[in-house]
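Here's my sequence, what's the structure:
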Amino acid sequence: MVIGIPGVNDKIFLDLFDNDIELFSSVLQAFVGKTAGVLNSLRNVSQDTLADYTNNIHALKGACANICAEEARETAEKLEMMAKAGDISGILVINGDFLKYMEDMLDNLKNWLKNHQS
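Next up is the predicted model:
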């Protein structure tokens, strides 16, 4: 089965969800419901907010893994490692593009859910 959502890995979906679209849909709904708030918390990273950023990017990394979004998970993991190392300048180089990617993904997920509700 092909999910057809940009950024969602169909092979991982098959392995993780065993073609259970209902379960996948409920996981996507939870992801969509929580992710906008998490993304907002990642917008203004600074030395003062680095600890919160680290926690939030870690949570987002796990959530991306839960929806089979491997590219997003990998980037979140890279950002988490930078955050743990205190590399604010490295984070600032890729954080904006990552947030845009995630916003686009959220739109794609919302559209998929809208078109696949029973």
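
Give me the average confidence score over the longest helix anywhere in the chain.
Ranked by residue count and defined by DSSP state H, the top helix of the chain is helix 88-115. Summarised as a single mean, pLDDT over helix 88-115 is 95.

Who are the packing partners of it?
helix 21-41, helix 50-66, helix 70-84 (3 or more Cβ pairs under 8 Å, 6 or more residues apart in numbering; DSSP states H and E). (Each C-beta comes from the backbone N, C-alpha and C, glycine too.)

what's the angle between the shortest one and helix 88-115?
Read it as helix 70-84. On the basis of axes from the mean of the first three to the mean of the last three Cα atoms, to 10 degrees, helix 70-84 is oriented at 150 degrees to helix 88-115.

Give the buried residues for the lowest-mean-pLDDT helix or strand in the chain.
Here the helix or strand of the chain ranked lowest by mean pLDDT, DSSP states H and E is helix 10-17, holding a mean of 84. Buried residues in helix 10-17, defined by neighbour count with 16 or more other Cβ atoms under 10 Å: 12-13, 16-17.

swap in stretch 108-118?
Residues of stretch 108-118 classed as buried: 109, 112 (neighbour count, 16+ other Cβ under 10 Å).
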